[in-house]
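K.L.:
Just to be clear, the model below is a prediction. Sequence and coordinates:
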Amino acid sequence: MKKKSYFCSLKTMQEGLVIRTTGNWYRVLVDSNIVECRLRGNYRLRGNKQTNPVAVGDHVLFAMEADGTGVIHEVCDRNNYIVRRATKLSKQTHVIAANIDLLCIVATLGLPRTSTGFIDRLLVTAEAYHIPACIVFNKCDLLVDDELCAMQNELSELYRSVGYPVLEVSALKGTGIDDLKTLIAGKTVLFSGHSGVGKSALLNAICPGLALKMGAISDWSLKGKHTTTFAEIHPVELSLSATQPLSYLIDTPGIKEFGMVDFTPQELSHFFPEMRAVLHDCYFANCTHRHEPHCAVKEAVEEGRISAERYRNYLSIIEDTVKPQ
Ligand SMILES: Nc1nc2c(ncn2[C@@H]2O[C@H](COP(=O)(O)OP(=O)(O)O)[C@@H](O)[C@H]2O)c(=O)[nH]1
Ligand SMILES: [Mg+2]
Ligand SMILES: [Zn+2]
């Protein structure tokens, strides 16, 4: 269970969910009330690797002040969290969100084009942080010719075969939104994907009352401009049934990539479920599935049991991110 504060009388403490962070203020949801909180002055960061001590999705213990604001005394232990790096080379990380039940990767075939390399990097990150993931292909209303439809079917089939739920939806037309609601019901869901794929549009389609600002086409094609500025949790009622618990939806603004965890080459294949399933058959126990003989992963790629594209992305992630040994 949650870790209690050692510093204050438990009687004065309340537990709440952080749904928004802006500078030094944290918006905390308690039942259906909102309390604006600050952090206890002498609060110490856990280690010095993270720039923010409190992130959306955190459960916190706080005490009310006379002026109606709160002071956070303790951040409860996290089930998981996902980070990004301040810069590519930076050692410091920023926690985007904590206690995530589902990572929803929003991708599009066109306007903009999401590469499988990008999808696979997010999937690997989700595997490494123990967060279940699904892929939502948005803008399926734009699949106007046979070639695009075939490409979409192939991609959906690829990720389903690896074991991830895949949906094809259109936020614009409302297609597939009920299936998406069923998938996210009662969960804390982090929506991620390139700017312009329609994350805000999807959240609006799920819950029109949110009225999130969406980017005009020109906003995202002129790189670097982002319409959403803070990661924020939106508690929504999906009204699928009378007893449905709330879902907590997180739009990730302006985040190009998550910080990849540091892997060794031996570890990375464990984050590809289809490789994890065969790697115990490799001749070498520490096989990196590149140049080694009698490699079960390479054999599976040659025989078409593992996608050559996923394998290429695996090699590319090794090149980019794995620490030299
Ligand atoms: N054709 C089409 N356009 C969409 C769809 N969803 C979003 N868009 C458009 O894509 C652009 C970016 O959407 P937005 O939600 O701001 O993307 P975000 O950056 O991922 O939050 C906007 O112009 C939306 O109107 C869709 O399903 N179909
Ligand atoms: Mg947005
Ligand atoms: Zn191998």
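P.N.:
Done, it's in. Ligands and ions are numbered 1, 2, ... in the order given.
K.L.:
now residue 191: how far from residue 239?
P.N.:
With distances taken as Cβ to Cβ, to the nearest Å, residue 191 is found 20 Å from residue 239. C-beta coordinates here come from the backbone N, C-alpha and C atoms, glycine included.
K.L.:
and these two? which has more neighbours close in?
P.N.:
Ranked by neighbour count (other Cβ atoms under 10 Å), residue 191 and residue 239 place residue 191 first, with 22 against 9.
K.L.:
Wait, the more buried one touches residue 201, no?
P.N.:
No: Residue 191 lies out of contact with residue 201 (Cβ atoms under 8 Å); the separation is 10.6 Å.
K.L.:
and residue 18, what does it touch?
P.N.:
By Cβ atoms under 8 Å, 6 or more residues apart in numbering, residue 18 lies in contact with 26-29, 54-60, 233.
K.L.:
Format those as a markdown table; extra columns: pLDDT, neighbour count and distance to ligand 3.
P.N.:
Listed next are the contacts of residue 18 as a markdown table, based on pLDDT from 0 to 100; neighbours: other Cβ atoms under 10 Å; distance: Cβ to the ion, whole Å:
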| residue | pLDDT | neighbour count | distance to ligand 3 |
| --- | --- | --- | --- |
| 26 | 95 | 25 | 46 |
| 27 | 96 | 18 | 48 |
| 28 | 97 | 25 | 48 |
| 29 | 96 | 17 | 47 |
| 54 | 93 | 18 | 42 |
| 55 | 93 | 22 | 37 |
| 56 | 95 | 26 | 39 |
| 57 | 96 | 26 | 36 |
| 58 | 97 | 25 | 39 |
| 59 | 97 | 19 | 41 |
| 60 | 97 | 23 | 44 |
| 233 | 93 | 23 | 41 |
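K.L.:
of all the residues you listed, which comes closest to residue 109?
P.N.:
Nearest to residue 109 among the contacts of residue 18 is residue 233, at 29.0 Å by Cβ to Cβ.
K.L.:
where does the closest one fall, phi/psi-wise?
P.N.:
phi -90, psi 130 (degrees, to the nearest 10).
K.L.:
Look up how far residue 136 lies from the residue of the stretch 151-300 of the chain found nearest ligand 1.
P.N.:
Residue of the stretch 151-300 of the chain nearest ligand 1, by Cβ to the nearest ligand atom: residue 198 (3.0 Å). Distance of residue 198 to residue 136, computed by Cβ to Cβ: 9 Å.
K.L.:
Could you tell me which residues touch both of these two?
P.N.:
Listed as contacting both residue 198 and residue 136 by Cβ under 8 Å, 6+ apart are residue 106.
K.L.:
Show me where the stretch 201-325 of the chain has its strands.
P.N.:
Secondary structure of the stretch 201-325 of the chain (DSSP state E, counting those that start in this stretch): strands at 232-236, 247-251.
K.L.:
Could you identify which of those strands is most buried?
P.N.:
The highest average neighbour count among the strands of the stretch 201-325 of the chain, using mean count of other Cβ atoms under 10 Å, belongs to strand 247-251 at a mean of 24.
K.L.:
Is any residue of that one near ligand 1?
P.N.:
No: against ligand 1, strand 247-251 shows no contacts by Cβ under 6 Å from any ligand atom, the least distance being 6.7 Å.
K.L.:
by contact count, what packs against that strand?
P.N.:
Strand 247-251 is packed against strand 188-192, helix 199-206, strand 232-236, with contacts defined by 3 or more Cβ pairs under 8 Å, 6 or more residues apart in numbering; DSSP states H and E.
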